[in-house]
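In: This is a predicted model, with the sequence first.
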Number of protein chains: 2
Amino acid sequence: MEFSVAVSRLVGLAQESRLAVFRALVRAGPDGLAAGAIARELSIAPNTLSAQLSILAHAGLVDSRRDGRSIIYTARFDTLGELLAFLIDECCDGRPEFCSALTPFDADPPTRRAPGRQASPCHR
Amino acid sequence: MEFSVAVSRLVGLAQESRLAVFRALVRAGPDGLAAGAIARELSIAPNTLSAQLSILAHAGLVDSRRDGRSIIYTARFDTLGELLAFLIDECCDGRPEFCSALTPFDADPPTRRAPGRQASPCHR
DNA sequence: TCCATATTTCAACGATAATTGAAATCAAAA
DNA sequence: TTTTGATTTCAATTATCGTTGAAATATGGA
């Protein structure tokens, strides 16, 4: 992924309400959520939310489709995955000995609600 | 990881020069780089860089130590790992069917310089 | 058609962030 | 101790960001 694209995706997530919006969309899954539903759930003014959603959309982090009067937003898992891959690359590249620090996926059990994935170091 | 901590870490990385600084530090490994060396390498004014480094440090993304007249900065792999774990949690939680989209670690070979890790879906 | 609902657009405002030049601090060398 | 080099701090400026109220657009129902 291009450096500047990574920056804009990070910018997309680097704000309290936008990260909350994205998280809500991730939790909602492929059905997504209508803009109004998000606004109510997170207590954000509709026009403010619209601006944030537009930033998320331009960052490629969400998609939208119209359904009747509503506009349904969904999280884009593929681009989040690309961003994660970029960040992992940044760390692992040429430095195998530190990759272990990048896989603490079972190090913080309370916040992990899913039956953990096994540690998967970038190199052995 | 706490939500607000995740936001501040993302803010730390969500800026052109800060992401470049962090990347340079990651590549430099545990030896780190002196502030001046970073400034020269990235053509950033020393005082501007100092402000950015201070933001990265407060975000917990870099450490610093004095060595003679220089101040050596190093990337913190542990906190980056925590941030990645947080983002992965956000996506995988309760939605196993989309986790595969989060592990395109061998999907973009040109940008991966290390002998790829195997795909490791959050759930099977 | 007229009305109500859902969302976006626009302009303006206040807040926050990034950059700059000058001065200050700190450590090493002369 | 004076000087040089490395980095930070400070105050000021500019740019960018987030929010708001009002108006505009689009859709579906009466």
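Out: Okay, I see it. Numbering: from 1, shown residues only, chains lettered A, B, ... in the order given.
In: for A:Ser4, phi and psi?
Out: Taking degrees, to the nearest 10, you get phi -70, psi -30 for the backbone angles of A:Ser4.
In: go on, A:Ile72?
Out: phi -100, psi 130.
In: Any regions of chain A where pLDDT drops low?
Out: A:93-124 (pLDDT under 70).
In: any idea how far the most centrally placed residue in chain A is from DNA strand C?
Out: Compute the mean C-alpha point of chain A, and by C-alpha atoms, centre = their mean the closest residue is A:Leu80, 5.1 Å away. Going from A:Leu80 to DNA strand C by C-beta to the nearest atom of the strand, to the nearest Å gives 20 Å. Bear in mind the C-beta positions are built from the backbone N, C-alpha and C, glycine included.
In: can stretch A:11-29 be found next to DNA strand C?
Out: No. Using C-beta under 7 Å from any atom of the strand, we find that stretch A:11-29 stays clear of DNA strand C, coming within 9.3 Å at best.
In: Now do the buried residues in that stretch.
Out: By 16 or more other C-beta atoms under 10 Å in any protein chain shown, the buried positions in stretch A:11-29 come out as A:11-15, A:17-26, A:28.
In: If you count neighbours, what's buried in the lengthiest helix in chain A?
Out: Using DSSP state H to define each element, chain A has its longest helix at helix A:77-92. Going by neighbour count (16+ other C-beta under 10 Å), the buried part of helix A:77-92 is A:77, A:79-92.
In: One more: stretch A:43-52?
Out: Applying 16+ other C-beta under 10 Å to stretch A:43-52 flags A:44, A:49, A:52 as buried.
In: Run through the helices of chain A in chain order.
Out: A:3-13, A:16-28, A:35-42, A:46-58, A:77-92.
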